[in-house]
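J.: what follows is a predicted protein model with its sequence.
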Protein chains: 2
Amino acid sequence: MTALQGEIERRGKRVFELVDKHPEPLFSKAGFYQRLMALSMRDERFKAQLFRFVDVLPSLRRSSEIVEHLDEYFCDDGFGPLVGVGVRLARIVPWVTQADEYAARYLDLLEKLARETKGWSDPLGKNSELFPVVNLSVKISALYSQISPADPADAINHLAPKLRPLLRRARELGAFINFDMESYAHKNITLELFKTIFTEEEFKDWPHAGIVIQAYLRDSEADLRDLIEWGRARGTRFAVRLVKGAYWDYETTKSRQNGWDCPVYFQKSESDANFEALTRVLFENESIVTAAFGSHNVRSIAHAQALADELGIDPSRFEFQLLYGMAGPIKRALVEMSYRVREYCPVGELLPGMAYLVRRLLENTSNEGFLRAKFAENVSAEELLRDPRELVKESVAGSGDPGKNGASLDIAPGDVYRNSPLVNFAYKDSQDKMQSALREVRKRFGEKYPLVIGGEKVWTDELTPSVNPSAPDEIVGYGSEAGIPEAERAVKAARAAFGKWSRTPFEERARLLERAADILERRRYELSAVEVFEVGKPWKEADADIREAIDFCTFYAQQMRRLGRPKLTQQVPGEESYHHYWPRGVAFVVAPWNFPIAILCGMASAAVVTGNTVIMKPSEQSIVCGAMLMQVFEEAGVPPGVLNFLSGHGSVIGAHLVDHKDVDLIAFTGSREVGLRIWQSAGVTRPGQRELKHVICEMGGKNAMIVDADADLGEAIAYSIYSAFGYQGQKCSALSRLILLEENYDRVMERLIPAAASLRVGNPEEPGIMVGPVIDEAAYRRILEYIEIGKKEATLAYQAKEIPPQGYFIPPTIFTDVKPNMRIAREEIFGPVLSVLKVRDLDEALEVANGTDYALTGGFFSRSPANIERVKAHLEAGNVYINRSCTGAIVGRHPFGGFKMSGSGTKAGGEDYLLHFLVPRVVTENTSRLGLVPEETPEYRDEFL
Amino acid sequence: MTALQGEIERRGKRVFELVDKHPEPLFSKAGFYQRLMALSMRDERFKAQLFRFVDVLPSLRRSSEIVEHLDEYFCDDGFGPLVGVGVRLARIVPWVTQADEYAARYLDLLEKLARETKGWSDPLGKNSELFPVVNLSVKISALYSQISPADPADAINHLAPKLRPLLRRARELGAFINFDMESYAHKNITLELFKTIFTEEEFKDWPHAGIVIQAYLRDSEADLRDLIEWGRARGTRFAVRLVKGAYWDYETTKSRQNGWDCPVYFQKSESDANFEALTRVLFENESIVTAAFGSHNVRSIAHAQALADELGIDPSRFEFQLLYGMAGPIKRALVEMSYRVREYCPVGELLPGMAYLVRRLLENTSNEGFLRAKFAENVSAEELLRDPRELVKESVAGSGDPGKNGASLDIAPGDVYRNSPLVNFAYKDSQDKMQSALREVRKRFGEKYPLVIGGEKVWTDELTPSVNPSAPDEIVGYGSEAGIPEAERAVKAARAAFGKWSRTPFEERARLLERAADILERRRYELSAVEVFEVGKPWKEADADIREAIDFCTFYAQQMRRLGRPKLTQQVPGEESYHHYWPRGVAFVVAPWNFPIAILCGMASAAVVTGNTVIMKPSEQSIVCGAMLMQVFEEAGVPPGVLNFLSGHGSVIGAHLVDHKDVDLIAFTGSREVGLRIWQSAGVTRPGQRELKHVICEMGGKNAMIVDADADLGEAIAYSIYSAFGYQGQKCSALSRLILLEENYDRVMERLIPAAASLRVGNPEEPGIMVGPVIDEAAYRRILEYIEIGKKEATLAYQAKEIPPQGYFIPPTIFTDVKPNMRIAREEIFGPVLSVLKVRDLDEALEVANGTDYALTGGFFSRSPANIERVKAHLEAGNVYINRSCTGAIVGRHPFGGFKMSGSGTKAGGEDYLLHFLVPRVVTENTSRLGLVPEETPEYRDEFL
């Protein structure tokens, strides 16, 4: 044992002795909390429900509502015995009234705290100048809602002016300001902001500024050393509050949802060990940085104590920070040992009452929690005081199932589908790559792109320019204009290629898609940049489109492998019947411009991988994107004639090919008007036609979201704004009708308008822009007309003022007093226009939501399990979203498509999708010969080729 | 040990001693066969391939063909090392030329045998009069191809006249005639025939007649005792040849395929024990019956010897019969022990050469074979001589996995779909029930049937008669005639019922179908009888139709349970997305008359179980069947309005409903003309329409079967005849074009015509009729017109002469010299007319087969694995059948439906089918609250209701 470890154990045991000397409940309201804690530890499901209940509790305004929610959370789910607890709970918390507002009135708070603490003195009586009595933590995100990780400069530009008055006043009052750290996405911006503002002349010599370092982040040591270096250059003390980090679930969830490298350590012991490493870095730089330790872990605390001793640091020069209302025995022990202890407490966000305590309780009942180990499980002092680095090693050595916190968290079984990771624009490297791609693509403006027919490039005399909607004088590229002769050539080429392609093993066809996916991945930034210019997509939206194209390729490849193998229908002696699929023939793929690569790629790759041959027509507004996709498939090695590329006018070649007797299948995504025309025309069987013409038809939407009375309004508003105005509302999935209950109408509206007003409208070439231009002049005029209609029909509640002077920019617009029969409530606008409808109750909300011709997407914000179930069951939409945005469907995860006038009932990116490109076939063989019968027939056999 | 067991062991050991004294190979051509036997025992797959090769061998006519087949059977499948064997094999069998003819020239044979054996004398020298030197076994099935188990009287009427001359001549020659026993289906008829003919005055006193009893049959003791009783009444000796039975695989296969109780014992030891029990019955009745024992099992042989001793029966009064060319040591031992031994040998069917021996070899290398145990596995004498009853007990006691021969053979896992068993008309009880049902249904002729709308019976003024096509003056019933007002009422009723029904739990909907299935099962004979009268279905076809209706109900119920549970799309932390389905709305079901209950039930039950509400319209020719189905669903408790029944004219209500804005879905099975019209009309989206109209469309066929040069012609012809003429060719799946290779054209044709000529044409009210009347006068005229066209275009090769004078009977007709461009080769005739096309080779055969507008069913007869694979890959048909009939698709086993102009690519009775009645929907919920994320989301959740 090292001397340090010995010292740690000595001090740790001393803490425990002191704790044991003063037997005292861990939480202040003994019986009830102890029981909740015990139950939570025993039953994970109860714990989850409790957590959800606590989440909604502050938003409930009447006792009856509380009782209802208790009933919903704990009654239906087999928690019978606990209802008693629940009801009692409801009775003992009559004080839960209005508690869902958490504004960042930091200045107010500062004044109040200064007043309240006047006359408090430092109990330790030395080094007091390092530790002002008032210590206020600032949440950066509360000061600016539009922080884009891709655009740190913008965030700092907005945040610094808001922070300066606060810092000035704090300085005047002798208070300390701490920059809080929340999610990883804002971490770099927070650090940058901290360094920027405290390098400013005015604050350069102010020592009472601090920032949080989260030891669970893999980046944390580098960040801390960078801060120290900055601090030394600055020449003034600053403080660091070292914590483990409170967003572990969030960070792992988000990174797994997006396919990102996880920024946090998987093992608790890794974070603990890192906490100690960072403690050492802090103490070694005590000359410039003041350390505060935010942990309840006695080992971490004892380590800091022992290390300080070893390094000769006076105990009065650092402090321990522990949560209000918790771990009283530990606080008391530290005070008895003459350490500096600060008790801290969140204000405003949650009531400092039961809900807050229960949250802490739940955190501390997690399997890894120190308090649980010490106070509930009576783990021995020796065990609790072990060096966390040993535990890391053990865990790595014993490579069993590491569970939730284990190192193999990101390894899924082989047959599980994996989406391509989104680009994480929080990294500078990603920002740089995107900027560089934009510069490169700009150099190619004005290039010409050919048709591709039967593997040959075909140039036509007529060229169609494709312009940048942000700057319509910029021509992104020219597309060759196909006419009837080219369409005929394409059909012939596709028909000629069909025989061989339809008999190419599905494995080979699947690999073609995977090669295309690899190329898309390689050209990812470049293609995103093309989208930014050609269709006005913001960075993240463009990246998501390329990601979706990649996912379509890999998902359909995987699905084809599943469907490709003939499957035994029934185990019958003496006979084997295998069900399998054949391609339908020649497919005509007609795509829109709003997901110019993803949707084109999705329909074309589905058709190709199933063995059909394809003529693909990009939208007239996104020819360059289409040509890029064709390049990708050519490079991937698609055989001549299997995929043909025809840019041109829908009214000419589109109509011709839809009617063509040699086209067997049409995959269309676009407007209702064109969709219905195709559906009708495909009904006619023409002379010489081989197959009944099959149409895959995805059309528009008039999507509604309902906000329940108990909804988390922060979430509801953020997601609604994003769903309505993201990519200018030019998504068939976009939110178009926001349905609010009378009961919370005002509360929602008073936050909705400011949220809309905070949106960054501008040229999406800039990072962090959320609202760009609409696609072209026709769309621009059409949407403006709808706004005029809206002004006549309803009340214009909000319209953005500042939009760029040129380009097809439409200000985000919100109408209120909208009634279900108005045109703006019935017709698809396909632009940044949101109609708000007020309804009496959820019944009416559903009636209004469903009272449309469409059924594409829809959403609901609520924390009432019963209401959520009801909406899940009754909302007429192909994709229903609860407590999240109604756009951004992910391949494989959210199979996408609607019914009614939104589509024929197909699900792009779903397991059934490829079936629409195939016809089923069954091959039956009598396998008995002379009475001998094979015993068992394999469930799958080789492809019939 | 009993005295008998002691004696059995003594004698058995004596046999073994004698066997061991004369070491001699078990088979006559030692090295090669021994090696094959060893390989067969080691590798089941090799054994199966060998068996298949031996099966095809007699039909191969050139050495090159043999080498090719060897290559196909043993090369592709990982049998590399054995090709050498194969090729050598090919070289040592140059004598394999024409050997596929097995005519029953019994008389010839009798003469020859009598001549050859003249002067042979009985080596035992006593009781010779019981054992004529010539002993000829007669296969009944060879004498009449149209034996119907349902109609013993007809079989006897045909067989007796053919047998009498043979019996007379045998008596004259002093020969013995044995009635052979083949499959269980013919067993009762064979017994009945035996008793009938030998009770005739002429043969009543002739003692040289015998019959086989198969000990593996559960019926065998009852049959034997019945025979003995008959024999005693007759008053003349007869003989019984006791065997174990050679069709075990066939019987278990067939009974499992049809869902029947298996007629054979599952365990070999049960058969062995029964053999001994029957031996005792025979000996106890030695005064009237002479016993012959056909077994190689030394225990069975020793038991017979010991029991004879015990009962005081002279060894010269029974005989052992052993196979030619096998088990020489045992035969020699029995002769040395002075028992009577007869060596017997099949003639004509297989060459008495290698192929025959290899078959025996394979039989005896089975895991249960005695010879394998004794000579290959050296099982001890004690073990081999154990009482089989002990082994039975052991097997029952030790309830492990009994394997192929185990008692639990028929118990499948819970989630495996089970078809309803077909009625087995081989049982007298079934025959009686059907006769009784026909009488009962006849009493109801002329009844009137109402429409059913919204749960109410609706009578209209106009009534449509439905006539018996076998006797058009008989009116089976009258249907109410729906007009536009009734159609409108039905749409309203269906629309009104949709809301509630669509939200009824799928489990409840599935149970409705299962109750309907139970009712169909209960009314099975009655409904079959209605079909016999209303649409002219032969018994078995009618029963198969009711069975299919039952299967549709149970299969779709099971499928709905699978599809009904919302399924997690992806395991993602913090979010759950469940994919599930909603019904489409109001379905209009339009069914044909040819499967008047099954197809109507299939489409309607699929629509109902998926939560749609339904208007079902039966064909105008099968209104009574439709009304019966409606009754079934009413009794099953279908809620009012969920299923509505409209009989009436397609041109009036059909067209009206297809175009109706409130009809969301049309399920149609019928003609191409009507199908295309519906497809076109449904393409139009009319004002107020909710959904894109979805059509499930199954149309006609022009189905081809190809007969390869190496086909088993017996099978090819029997299945072709059945496929073409079964139910008068009035199946969309029926064979219409028989494609023959030049090479075997003559050989096929010379057997095809007689086979067609043997068909029983007549009123299907009689059992055993295969060809009844066509559906109505219009069909009658249309088919006769096609026959006239055929006579002009091609050569009339065969037309049946004898058909009933009244009713819509069309003689089965075969045209040759048919060319692919002729009308009779292109157009669907839908009657008993077969076109034969001659082609050069398989390439041309496929070209011709595929050269049609349709792609429904198709077939191929071949024993060339390579050619079979080629046809499986290239034949354009929704259902491809190898070496069997191309009709008779079974729900779940042969998902049915075609493409091209045969249909839209749906598979009735398949796993995808219900999807066409549904729209997919995805419900996504953000499940994270305050950072707490549930760890795992269940793969399935409760229905959204």
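T.: Alright, I've got the coordinates.

J.: how about the residues of the stretch 601-750 of chain A near chain B?
T.: The stretch 601-750 of chain A comes close to chain B at residues A:676, A:679-685, A:690-692, A:694, A:697, A:715, as judged by C-beta under 8 Å from any C-beta of the partner chain. Just so you know, the C-beta spots here come from the backbone N, C-alpha and C atoms, and that holds for glycine as well.

J.: if we go to 6 Å?
T.: The stretch 601-750 of chain A comes close to chain B at residues A:676, A:679, A:680, A:683, A:684, A:685, A:690, A:691, A:692, as judged by C-beta under 6 Å from any C-beta of the partner chain.

J.: right, and the third one touches residue B:683 too?
T.: Yes - at 4.4 Å, residue A:680 counts as touching residue B:683 under the criterion of C-beta atoms under 6 Å.

J.: next one: residue A:718, what pLDDT does it get?
T.: Looking at residue A:718, its pLDDT reads 90.

J.: before we move on, what about residue A:623?
T.: 98.

J.: quick check: the farthest pair among the residues of the stretch 601-750 of chain A next to chain B?
T.: A:676 and A:690 (24.4 Å; C-beta to C-beta).

J.: may I see the PyMOL selection of the buried members of the residues of the stretch 601-750 of chain A next to chain B?
T.: Filtering these down to the buried ones (16 or more other C-beta atoms under 10 Å in any protein chain shown) takes a single PyMOL command:
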select buried, chain A and resi 676+679+680+683+685+690+691+692
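
J.: want to throw the residues of the stretch 601-750 of chain A next to chain B into a markdown table with pLDDT and secondary structure?
T.: Output for these, formatted as a markdown table (pLDDT from 0 to 100; DSSP: H, G, I helix; E, B strand; the rest coil):
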| residue | pLDDT | secondary structure |
| --- | --- | --- |
| A:676 | 97 | helix |
| A:679 | 97 | helix |
| A:680 | 97 | helix |
| A:683 | 96 | helix |
| A:684 | 97 | coil |
| A:685 | 97 | coil |
| A:690 | 96 | coil |
| A:691 | 96 | coil |
| A:692 | 97 | coil |
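
J.: out of the residues of the stretch 601-750 of chain A next to chain B, which comes closest to residue B:629?
T.: Of all these, residue B:629 sits closest to residue A:692, with 27.5 Å by C-beta to C-beta.

J.: what's the closest non-adjacent residue to that closest one?
T.: Closest residue to residue A:692 apart from its sequence neighbours, by C-beta to C-beta, 6 or more residues apart in numbering or on different chains: residue B:904 at 4.8 Å.

J.: that neighbour contacts residue B:697, doesn't it?
T.: Yes - counting by C-beta under 6 Å, residue B:904 touches residue B:697, with 4.5 Å between them.

J.: contact partners of stretch A:769-779?
T.: A:469-470, A:536, A:538, A:593, A:621, A:725, A:728, A:759-762, A:764, A:780, A:807-810, A:812, A:831-832 (C-beta atoms under 6 Å, 6 or more residues apart in numbering or on different chains).

J.: where along the stretch 501-650 of chain A do the strands fall?
T.: Ranges of strands within the stretch 501-650 of chain A are A:567-568, A:575-583, A:586-590, A:613-617, A:643-645, based on DSSP state E, counting those that start in this stretch.

J.: what mean pLDDT does the longest helix along chain A have?
T.: Ranked by residue count and defined by DSSP state H, the top helix of chain A is helix A:539-564. Averaging pLDDT along helix A:539-564 gives 97.

J.: now do stretch A:253-261
T.: Taken as a whole, stretch A:253-261 has an average pLDDT of 89.

J.: for stretch A:631-641, same thing?
T.: Stretch A:631-641 shows a mean pLDDT of 98.

J.: so for that stretch, what gets flagged as buried?
T.: Buried, per 16+ other C-beta under 10 Å, within stretch A:631-641: A:631, A:632, A:633, A:634, A:636, A:638, A:639, A:641.

J.: show me what residue of the stretch 601-750 of chain A gets nearest to chain B.
T.: Nearest residue of the stretch 601-750 of chain A to chain B, counting by C-beta to the nearest C-beta: residue A:683, 2.2 Å away.

J.: wait, what's in contact with the nearest residue to residue A:493 once chain neighbours are set aside?
T.: Distances taken as C-beta to C-beta, 6+ apart place residue A:454 nearest to residue A:493, at 3.4 Å, with adjacent residues excluded. Residue A:454 is in contact with A:493, A:640, A:641, counting by C-beta under 6 Å, 6+ apart.

J.: just these: which are in helices?
T.: residue A:493.

J.: ok so, going back, mind checking how far the residue nearest to residue A:692 is from residue B:665?
T.: Here residue B:904 is placed at a distance of 13 Å from residue B:665 (C-beta to C-beta, to the nearest Å).

J.: and stretch A:145-161, end to end?
T.: 15 Å (C-alpha to C-alpha, to the nearest Å).

J.: what residues sit buried inside it?
T.: A:145, A:147, A:148, A:149, A:150, A:151, A:152, A:154, A:155, A:156, A:158, A:159.

J.: need these in a markdown table (columns: secondary structure, distance to chain B and pLDDT).
T.: Conversion of the buried residues of stretch A:145-161 to a markdown table gives the following (DSSP: H, G, I helix; E, B strand; the rest coil; distance: C-beta to the nearest C-beta, whole Å; pLDDT from 0 to 100):
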| residue | secondary structure | distance to chain B | pLDDT |
| --- | --- | --- | --- |
| A:145 | coil | 19 | 73 |
| A:147 | coil | 19 | 86 |
| A:148 | coil | 21 | 89 |
| A:149 | coil | 19 | 91 |
| A:150 | coil | 23 | 92 |
| A:151 | coil | 25 | 93 |
| A:152 | helix | 24 | 93 |
| A:154 | helix | 27 | 92 |
| A:155 | helix | 23 | 92 |
| A:156 | helix | 27 | 94 |
| A:158 | helix | 26 | 88 |
| A:159 | helix | 24 | 89 |
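
J.: wait, residue A:603 sits on residue A:665?
T.: No - Residue A:603 sits out of contact with residue A:665 when judged by C-beta under 6 Å, with a separation of 10.2 Å.

J.: the stretch 251-400 of chain A: strands as residue ranges?
T.: So, for the stretch 251-400 of chain A - with DSSP E, counting those that start in this stretch - the strands run A:289-294, A:318-323, A:341-344.

J.: closest to chain B out of those?
T.: Closest among these, using C-beta to the nearest C-beta: strand A:318-323, at 15.6 Å.

J.: what is the distance between the closest one and the centre of its chain?
T.: Distance of strand A:318-323 from its chain centroid, counting by C-alpha atoms, centre = their mean, to the nearest Å, is 34 Å.

J.: same check, this time on stretch A:808-817
T.: Worked out by C-alpha atoms, centre = their mean, stretch A:808-817 lies 25 Å from the chain centre.

J.: would you mark the buried spots in that stretch?
T.: Applying a neighbour-count criterion of 16+ other C-beta under 10 Å, the buried positions in stretch A:808-817 are A:808, A:809, A:810, A:811, A:812, A:813, A:814, A:815, A:816.

J.: list the contacts of residue A:895.
T.: Contacts of residue A:895 by C-beta under 6 Å, 6+ apart are A:907, A:909, A:910, B:579, B:922.

J.: looking at the residues you listed, spot the one nearest residue B:223.
T.: Within the contacts of residue A:895, the smallest distance to residue B:223 is 57.3 Å, found for residue B:579 (C-beta to C-beta).

J.: for the stretch 51-200 of chain A, which spans come out with low pLDDT?
T.: A:51, A:54, A:57-58, A:61-64, A:66-67, A:74-96, A:98-105 (pLDDT under 70).
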